[in-house]
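Q: Just a sequence and a predicted model for now, questions to come.
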Amino acid sequence: MSGEMVQDEAQRELLASLGDLVARVLSDRHEVLCGAPFCRETWTMLGSELGLLSADLPEALGGMEAGADAHAVVMEAFGRHLVAQPYLSSIVMASALLDPDEAANAQWLTAAAQAETIIVPALADGPGDFELHCLNSTAVAGPDEIVLKGRKVLVRDAPLADRFVVLARRQGDEDGAYVLLMVPADAAGVTRDDFGTIDRASGSHLHFDDVRVAPSSVIATGAEALSRARLAQDAGIVAVCAEAVGILQAMLDQTIGYARQRTQFGQPIASFQVLQHRMVDMSVAIEQAESITRLARGKMGSADRSAAVSAAMALVSRACRSVAQDAVQIHGAVGIANETPISRYFRRALAIESQFGARDYHLRRYMERSGAQRGA
Amino acid sequence: MISLELELDAQDSAFRDEVREFLAEKFTPELRHEAALQTGVFANGELASRWHRILFERGWAAPGWPEQYGGAGFSATQQYIFNDECARAGTPNLPVAGVRLCGPVLIEFGTQEQKDYFLPRILSGEHVWCQGYSEPQAGSDLAALECRAQRDGDEYVINGQKTWTTHAQFAQWIFVLVRTSREGPRQAGISFLLVPLDAPGITVRPILSMSGEHEVNEVFFDDVRVPASNLVGEENQGWKVAKFLLVNERGSGSGAAFLKNALGMLNRIIAPGGPFADAGCNPAFARRLAEIEIEIAALEQSEHSLLEAVRRGEMERGDRLASTHKLHVSHLMQAITEMEVEAIGAFAQIDQAPVLFGGDDASDHVPPRALTPVAHYLNMRAISIFGGSSEIQRNILTRTALGL
């Protein structure tokens, strides 16, 4: 498996200017964005005022055509600054689920980029349904409407949603066929059991009790529906890996800063070789995480996609564990206290480890998908 | 899980039965349920006090103390049996500041008045203690402590600050290392003082851990006056007392018990038939679990040997092994808590602090076994830092084990 990632000059410039824009925004609006909880006004500012959310979209929809590379730039910056906004759900994953060439889809994409609507994917039935069997989510199609029944457990960002993209399977007509539905969050029959997350975001367990939606809610059916859902998962993983790189780099920077100014035994602890080597190991792990993420991003359009994406998630998970643990250890007791920034980055890194399936799961998936050229 | 194969004579066998009967009767399902929800290094103050009381009533509150002061008088084997049975049952981890730290210090260095007054109250649990050592600028480098105690007539006046003080919020008394002289080497100007936490001028400020739990505190001293008779040992001899405290904590050999208790928590999370049974069936997970079990068994064997050595007076080996054991316990405890988190998969993302520490009701959507792992894991990041960080332990071993 080798990585192929060719960026032309125009793309590079585009991404550089996007990077500058993001950096400026994060600096100017530091209080509301960095380490701050979600706020609708802030999201609206990002979308309609600053145009930060449309970078990936085609020009026809007001975007910069930067695609998945835009996601990576934004997510890494958001990781560095602990930004808790629904970019992953409403921009990254939504753009994989919706087709910009289809009129209704294009409207939803534009609305999401303008921050007029927040779209949250509800694809897997829950943890353990990464394969998207969706046995608990059924859609019965009538002449005038579709009736959705089911449960989706552990849906991140669900409390913020204006709309859900729900993956379900048909019952009755075309039994078992997949269908992707755009469901208003306030539709009758939709109930939420909300929870806070360890990284100060939010999620819900969703119930759909005979939720009736119009036939125009159908985004895709059959193999296309499943394919888009899988693409959304993979795009989500690659984006969260980029976020993780930002998180880990921030943790390393904070650790170096702390170690320089913390003195014990008459010297800064940064002068102790043991700690220097540990911080070096952190930087080596981050470089590796960044590389595998870049590889996976380059493979999004290829036959190797699943293997590459799982490879990235597995390796980045490992980096999340080791870098975060080393950061807290070097901070000493201060790293355990809730009020210290490093502990919040630690919790975000921990959440990333399980957000899209565990490391063990992705190692197995990598083994399965990367071909049978190995012994049992 | 392989256990030590102990040659139990009839007497020890009977003792083991006695401990099991005691636990069956006194470690009630209610206590068991509460103990299973403990995520801190120690059980929370209220649960700890209840369990301590139960042990006290049985005469087992201080297994390591000489019998003349109310110690249980256990032999090394009985000590092992007692720790092992309690660990299997999952009893609360009792805070160490009173029975295991301050008590032995007073037995060794205390005046008769101090022993008469404090020891019975530590034993009964009437006095709960905490340990005032670390300061913001004095962590691993404890000798850098600055909290001052100025002699004024027959009192000391204390000014300064302690930090990371475990369970100060539950304690009535604190023992502090204070600076009583600036002459000579830093260690030579330190004294060991006993201070009541209700003395005027003391402020205890909670420090929330990243788990959301309140285990540690800052303690501020603002012209706090204590009788000079609260000095333990001689003035400026506090460092010697502190070192004794450290040494004495060894040889009680309960690291393996602490770990087996945690292993029990992990096994309950992945119990067959439960919501997280799949984790246990994952071969990679099972392998890691097997390695942890094996290392715990090795540690248990080592602790038992250490206990025997200490009783025979072989202190040098004790010094080396103590640091080695701390490294093992830290590493293994952290490994166990990592696996607890892995076992619950994506449920680890849900913040359970409001339920665990805030009094909220648990959600119907979250299996009860998913409540504790993340808080447990987050809290245990501290175990390689407190009580002598892993880096410090390695420094000690570089000298004592390698002779470098």
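A: That came through fine.
Q: residues in contact with residue A:78?
A: Contacts here follow C-beta atoms under 8 Å, 6 or more residues apart in numbering or on different chains; on that basis residue A:78 touches A:85, A:87, A:243, A:246. To be clear about C-beta, it is placed using only N, CA and C from the backbone, and glycine gets the same treatment.
Q: Next, please give the residue ranges for the strands of the chain.
A: As the question left the chain open, I've gone with chain A. A:119-122, A:137-141, A:146-156, A:163-170, A:178-184, A:190-196, A:202-213, A:218-221, A:263-264, A:267-268 (DSSP state E).
Q: think we crossed wires, I meant chain B
A: Using DSSP E, strands in chain B cover B:129-132, B:148-152, B:155-166, B:173-179, B:190-196, B:202-208, B:214-227, B:231-232.
Q: quick one: strands adjacent to the last one?
A: It stands for strand B:231-232. strand B:190-196 (antiparallel) (DSSP bridges).
Q: And the contacts of the partner strand?
A: Contacts of strand B:190-196 (C-beta under 8 Å, 6+ apart): B:102, B:105, B:109, B:114, B:118, B:132, B:143, B:145, B:149, B:156, B:158, B:172-180, B:202, B:221, B:224, B:226, B:230-233, B:235-239, B:241-242.
Q: For chain A, what is the nearest residue in the stretch 151-300 of chain B?
A: Per C-beta to the nearest C-beta, residue B:210 is where the stretch 151-300 of chain B lies closest to chain A, at 3.6 Å.
Q: Next one: that residue relative to residue A:343, how far apart?
A: Noted for residue B:210: a distance of 4 Å to residue A:343, by C-beta to C-beta, to the nearest Å.
Q: Now do the shared contacts for these two.
A: In contact with both residue B:210 and residue A:343: A:336-337, using C-beta under 8 Å, 6+ apart.
Q: quick one on the thing from earlier: tabulate the strands of chain B in a markdown table, adding columns for mean pLDDT and mean neighbour count.
A: What follows is the strands of chain B, written out as a markdown table (pLDDT from 0 to 100; neighbours: other C-beta atoms under 10 Å in any protein chain shown):
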| stretch | mean pLDDT | mean neighbour count |
| --- | --- | --- |
| strand B:129-132 | 96 | 27 |
| strand B:148-152 | 97 | 17 |
| strand B:155-166 | 98 | 22 |
| strand B:173-179 | 98 | 24 |
| strand B:190-196 | 98 | 23 |
| strand B:202-208 | 98 | 15 |
| strand B:214-227 | 98 | 19 |
| strand B:231-232 | 98 | 23 |
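Q: what residue of the chain is the furthest out?
A: Defaulting to chain A. residue A:266 (44.1 Å; C-alpha atoms, centre = their mean).
Q: Chain B was what I was after
A: residue B:153 (36.4 Å).
Q: For residue B:2, give me the pLDDT.
A: Note on residue B:2: pLDDT of 75.
Q: Can you give me the neighbour number for it?
A: Residue B:2: 11 surrounding residues under other C-beta atoms under 10 Å in any protein chain shown.
Q: Might you report the residue contacts of it?
A: B:293-294, B:297.
Q: can you map out the helices along chain B?
A: B:10-26, B:29-36, B:45-58, B:76-89, B:103-109, B:112-124, B:238-249, B:255-269, B:277-281, B:283-311, B:315-343, B:353-356, B:373-380, B:390-400 (DSSP state H).
Q: can you list contacts of the fourth one?
A: By C-beta under 8 Å, 6+ apart, the residues outside helix B:76-89 that reach it are B:3-4, B:6, B:8, B:12, B:15-16, B:19-20, B:23, B:27, B:32, B:60, B:63-64, B:72, B:74, B:252-254, B:256-261, B:264, B:304, B:307-308, B:311.
Q: For PyMOL, what selects the buried ones among those residues?
A: Buried residues within those, by 16 or more other C-beta atoms under 10 Å in any protein chain shown, are selected in PyMOL with:
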select buried, chain B and resi 12+15+16+19+23+27+60+63+64+72+74+252+253+254+256+257+258+259+260+261+264+304+307
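Q: Many thanks, have a good one.
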